[in-house]
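Engineer: no sequence on this one, just coordinates:
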């Protein structure tokens, strides 16, 4: 995140959390940890997008969101969303083990859609080798490798 913030004012890091509560916790921590002055008046450090709250989504450098809302942004044909998606530099998937839970198909869809480097975090991933094997096949189809 820090590298993206230092590089320029346009690159975006997306942090995907499974619940609205975790989104707000991460958003608060980011705002407490980072600060930045922008040359463009409309740019903001962070934004949030949940089903209930949408703030600075297209104007931020770090977006904290739930999977369903990121899916909406990535699949939208809206011109603003398409332009915003080209600015994504990295995605952080927190609690990626949610892939095996109800609603996990959205996580799977996002892992297939994302064409930028990403980090998949989980302290409780059940079948690590199975997940890694699937993810290697997905990334190979995009011409990329997995690094552990």
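Structural biologist: In hand now; what should we look at? Since the model is a prediction, treat every value here as computed from it, not as a measurement.
Engineer: For residue 31, give me its contacts.
Structural biologist: 45-46 (C-beta atoms under 8 Å, 6 or more residues apart in numbering). (Each C-beta comes from the backbone N, C-alpha and C, glycine too.)
Engineer: my guess is it is in a helix, correct?
Structural biologist: Yes - applying DSSP: H, G, I helix; E, B strand; the rest coil, one finds residue 31 inside a helix.
Engineer: For it, give its distance to residue 62.
Structural biologist: Look at residue 31 and residue 62: by C-beta to C-beta, to the nearest Å, they are 9 Å apart.
Engineer: Show me the common contact partners of the two, please.
Structural biologist: In contact with both residue 31 and residue 62: 45-46, using C-beta under 8 Å, 6+ apart.
Engineer: and residue 73, helix, strand or coil?
Structural biologist: Put simply, residue 73 is helix when judged by three-state DSSP.
Engineer: And the closest residue to it other than its chain neighbours, what's its pLDDT?
Structural biologist: Excluding its sequence neighbours, the residue lying closest to residue 73 (C-beta to C-beta, 6 or more residues apart in numbering) is residue 81, at 5.2 Å. The per-residue pLDDT reported for residue 81 equals 92.
Engineer: With the one 10 residues further on instead?
Structural biologist: Residue-level confidence at residue 91 comes out at 98, pLDDT.
Engineer: Show the contacting residues for the spatially closest residue to it that is not a sequence neighbour.
Structural biologist: Leaving aside its sequence neighbours, residue 91 sits nearest to residue 118 (C-beta to C-beta, 6+ apart; 4.2 Å). Residue 118 is in contact with 90-93, 111, counting by C-beta under 8 Å, 6+ apart.
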